[in-house]
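Undergrad: Provided below for reference: sequence and predicted model.
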Amino acid sequence: MKRVIVIGLGIFGFNITKDLYENGIEVIAIDKDKEIIQKIRDYSTKAILADGTDKEVMESIGIQEDDVVIVSFGEDLAAATLITLHLKEMKIKHIIVKAPNEDHKHVLEKVGATEVVIPEKEMADKIAKSLISPNVLDYIPLSEDYTICELVPPPGFMGKTIAELHLRSRYHIEVIAVREVLPERIIMVPRADFVIKDSDILVVIGKEKDIQKIK
């Protein structure tokens, strides 16, 4: 994977730096708080004490076009906007910016962010979905309507083949993979005669409203 630069080490920036580093990714952490830089040294490839909004500082660090840059300045829209503009001028191709709300997201996209994440909203959506559909373990939104998710098959699915469930006609969803626990393996595009066991996890694609009907 490409090198990752994290600018701003609040809770989000600190944790994403640590997670990336612990998974073998080269990650450079930048913040102007000396105490935070001291804490992140053991969880990053390199920790730099610097003002992330200073373009000259960013250029001196040697950020390259192919680096992935993550900007995390909390609710400071001015700082996030300024560094995003600088990164755009430096021709950085992948700029991920954390935003607190949709208004900030709109502004940051306008000035050049290639991806804007709203962690609080995404977590709220995830919790809400887990309450609405308790059998949904995890999901990846593909668009406003469609999603890929891991699904615990309800009791009515056990011992039946995928063909017998008529998932496409009844629920308008497709099973694209099965994650077996016993034995541990993943079956991509399972056959129609695949029999579902109580230890299986189904990976399905479809509209959220249709997936929510499976209970």
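TA: Received it, and whenever you're ready, just let me know what you need.
Undergrad: ok, now which ones touch residue 43?
TA: By CB atoms under 8 Å, 6 or more residues apart in numbering, the contact set of residue 43 is 14, 17, 18, 21, 22, 29. To be clear about C-beta, it is placed using only N, CA and C from the backbone, and glycine gets the same treatment.
Undergrad: again but with residue 204, I slipped
TA: With the criterion set at CB under 8 Å, 6+ apart, residue 204 makes contact with 148, 149, 151, 167, 173, 174, 175, 176, 211.
Undergrad: before we move on, what about residue 57?
TA: 50, 51.
Undergrad: where does it land in three-state SS?
TA: helix (DSSP: H, G, I helix; E, B strand; the rest coil).
Undergrad: for residue 160, see how far away it is.
TA: 61 Å (CB to CB, to the nearest Å).
Undergrad: check residue 118 too.
TA: Counting by CB to CB, the gap from residue 118 to residue 160 is 39 Å.
Undergrad: same check on residue 175?
TA: Residue 175 is 12 Å from residue 160, by CB to CB.
Undergrad: which one's more surrounded, those two?
TA: residue 175 (22 against 14; other CB atoms under 10 Å).
Undergrad: C-alpha coordinates for the strand or helix carrying that one, CSV please?
TA: Assigned by DSSP states H and E, residue 175 belongs to strand 174-180. The C-alpha trace of strand 174-180 is given here as CSV (Å, rounded to 0.1, in the frame of the first residue of the first chain):
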residue,chain,number,x,y,z
GLU,A,174,-28.1,-11.7,-4.3
VAL,A,175,-25.7,-13.9,-2.2
ILE,A,176,-22.3,-13.0,-3.6
ALA,A,177,-20.3,-15.0,-1.0
VAL,A,178,-20.6,-17.3,2.1
ARG,A,179,-18.1,-17.0,5.0
GLU,A,180,-18.0,-20.5,6.6
